[in-house]
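> predicted model, plus sequence, below.
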Amino acid sequence: MTLIVVDIMTSIFQSIIFAYTIIYCMDKKEKIDNIKLISITLLFILISNFFTQTFGDSWGMNIFITHILALCVAIAFYRKKVLNVITSYTIIYCMIILYCVIFGNLFFEYAKGIFPVEYINYEKAFILYIPQWILLFLCLKYMDKLKHIHKFIINEGFSIVFVMTSFFLDFILTFYVVTLGEKSQLIKNFIYIVFFLFLLAIFFYFWKIHQKSEQIYKLNQALEVKNSELSKIKHDYGAQISYLYGLCLMDRFDDLKKSLKDIINNNEAIQTAVGIIENQESLLAIALKPAVDKGIHVIIEEKCDFGSIKMNEMEFYRVVSNIVNNAIKAMNGKGIIIAKSYQYLGNAVIRIENNGPKIEEQHLNNIFKVGFTTKENSDNNHGYGLSIVKDLVERNSGKIYVKSTETATEFKIVLPIC
């Protein structure tokens, strides 16, 4: 009976720390909103105790379900900052789960084999509960440090990885619960399959990160080369300015004008952007050249032969160039455009992504309509490029999609291969 009371007290303490951490990390006010703290805490207690008591541990899946329900509660209070609130919750959750994995699964199992059975309750108290109370107290005391960790995770873009790690720890605990008792083989197989799928998802996610890092590495290499070129140009300009000053002192103004004109012409020919393009003569490279000329960095990854698609070269160029021109206008001469092409299920897929401003949700549904534009259009000269794109793609039995977030806008074109 005493152990049940201790367990309930631990759940209440956990719920308070969870709620306090979320509010402390999310709210900018110095004072904690007590009503919000009590509300979130009570909901967490309801989930952690009543749900577990109702459904028990027969499937070992209550770990996942309570985790997901708790995240839903947190999101309900901070709907506009979903990733931030999930991250703040996950910081404490990972600490507690790691504690349970290390102390609950390893130390406790080891201690059970040493001490007599009649001391099992004391073992649980001193190994499972009391150290956890100390951990939670330290979290409360050093909440400022946790807030710094929260900011670091958000700023570095580690939130998704962090959340996935917390669910991976759930899997470890679930395996432990499922394999301990005499469970049916069907349930065990189900858990193993889910675990395998989860590992695949993690592998795919990190593979995507690896691809992005390779792109950034190539771009940095190209920028280093460009910086070296610009350093040489700067040195040359220093010599040219000294020469111009000499002409001015000698009153040779005709020569001064001619030299200034030459410098201006040479300066206009210098590109500050870089393009990572394997085939400079491909249609994608030609269509994206204006972006490089405007100072936008370009990365092209081509793994598709466009000679096999139904659309002819001129139409394909018009499609890509219209999308690129829209991106150039939105990006205002700075940023990155990444163009990829590959074959998938008998189709050629072209993805053109830029890190310009987000297209608002209400505009996405109208973006391909004739005459629609977010710019000033008093002379009716704007709003036709993307409608032409959609018409050309659909005329060639293809499809076009667009999605936009705070970080990137992507156009995806799918064209059948003849």
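Nice, I can see it.

> where along the stretch 151-300 of the chain do the strands fall?
275-276, 297-303 (DSSP state E, counting those that start in this stretch).

> any chance of CSV for those, columns distance to residue 7, mean pLDDT and mean neighbour count?
The C-beta positions use only the backbone N, C-alpha and C, and glycine is treated the same way. What follows is the strands of the stretch 151-300 of the chain, written out as CSV (distance: least, CB to CB, whole Å; pLDDT from 0 to 100; neighbours: other CB atoms under 10 Å):
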stretch, distance to residue 7, mean pLDDT, mean neighbour count
strand 275-276, 58, 64, 18
strand 297-303, 54, 83, 19
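
> now that we have those strands, can you turn them into a markdown table and tack on distance to residue 146?
As requested, the strands of the stretch 151-300 of the chain are exported to a markdown table (distance: least, CB to CB, whole Å):
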| stretch | distance to residue 146 |
| --- | --- |
| strand 275-276 | 40 |
| strand 297-303 | 37 |
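
> out of those strands, nearest to residue 286?
strand 297-303 (10.6 Å; CB to CB).

> just the CA trace of the next helix or strand after the closest one, in PDB.
Toward the C-terminus, strand 297-303 is succeeded by helix 313-331 as the next helix or strand (DSSP states H and E). The C-alpha trace of helix 313-331 is given here as PDB (Å, rounded to 0.1, in the frame of the first residue of the first chain):
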ATOM      1  CA  GLU A 313      12.400  21.000 -74.700                       C
ATOM      2  CA  MET A 314      10.900  24.500 -75.300                       C
ATOM      3  CA  GLU A 315       7.900  23.800 -73.100                       C
ATOM      4  CA  PHE A 316      10.000  22.200 -70.400                       C
ATOM      5  CA  TYR A 317      12.300  25.300 -70.400                       C
ATOM      6  CA  ARG A 318       9.300  27.600 -70.100                       C
ATOM      7  CA  VAL A 319       7.900  25.600 -67.100                       C
ATOM      8  CA  VAL A 320      11.200  25.700 -65.200                       C
ATOM      9  CA  SER A 321      12.100  29.200 -66.100                       C
ATOM     10  CA  ASN A 322       8.700  30.600 -65.000                       C
ATOM     11  CA  ILE A 323       9.000  28.900 -61.600                       C
ATOM     12  CA  VAL A 324      12.600  30.100 -61.300                       C
ATOM     13  CA  ASN A 325      11.700  33.700 -62.200                       C
ATOM     14  CA  ASN A 326       9.000  33.700 -59.500                       C
ATOM     15  CA  ALA A 327      11.500  32.500 -57.000                       C
ATOM     16  CA  ILE A 328      14.100  35.200 -58.100                       C
ATOM     17  CA  LYS A 329      11.500  37.900 -57.500                       C
ATOM     18  CA  ALA A 330      10.500  36.500 -54.100                       C
ATOM     19  CA  MET A 331      14.100  36.000 -52.900                       C
END
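
> angle of helix 313-331 against strand 297-303?
Between helix 313-331 and strand 297-303, the angle comes out at 150 degrees (axes from the mean of the first three to the mean of the last three CA atoms, to 10 degrees).

> what sits against residue 414?
Neighbouring residues of residue 414 by CB atoms under 8 Å, 6 or more residues apart in numbering: 347-349, 398-401.

> from these, pick the one nearest residue 71.
Closest to residue 71, out of all of the contacts of residue 414 and judged by CB to CB, is residue 401, at 28.9 Å.

> measure that closest one to residue 363 for me?
15 Å (CB to CB, to the nearest Å).

> more neighbours: which of those two?
Between residue 401 and residue 363, counted using other CB atoms under 10 Å, the more crowded position is residue 363 (14 against 10).

> distance of the nearest residue to residue 160 once chain neighbours are set aside from residue 227?
Sequence neighbours aside, residue 205 is the residue nearest to residue 160 in space, at 7.3 Å (criterion: CB to CB, 6 or more residues apart in numbering). Plainly put, residue 205 is 33 Å away from residue 227 if you go by CB to CB.

> quick revisit: please identify which pair of the contacts of residue 414 lies farthest apart.
348 and 401 (14.4 Å).

> domain map for this protein?
2-183, 214-268, 275-416 (automatic domain parsing).

> average pLDDT for the second one?
Read that as domain 214-268. The pLDDT scores in domain 214-268 average 67.

> low pLDDT regions in the stretch 1-150 of the chain?
Where the stretch 1-150 of the chain drops to pLDDT under 70, the residues are 1-3, 28-30, 49-61, 101, 103-125.

> tell me which stretches of it form helices.
2-26, 34-45, 52-55, 62-77, 82-99, 108-112, 120-123, 130-141, 143-156 (DSSP state H, counting those that start in this stretch).

> packing partners of the first one?
Translated: helix 2-26. Other elements packing on helix 2-26 under the criterion 3 or more CB pairs under 8 Å, 6 or more residues apart in numbering; DSSP states H and E are helix 34-45, helix 62-77, helix 82-99, helix 130-141, helix 143-156.

> so of these, which one's packed in deepest?
Mean neighbours per residue, mean count of other CB atoms under 10 Å, is largest over these for helix 82-99, with a mean of 20.

> just the residues contacting that helix, thanks.
Counting by CB under 8 Å, 6+ apart, 14, 17-18, 21-22, 24-26, 67, 70-71, 74-75, 77-78, 131-132, 135-136, 139, 146, 149-150, 153-154, 159-160, 162-163, 165-166, 169-170, 173 sit against helix 82-99.
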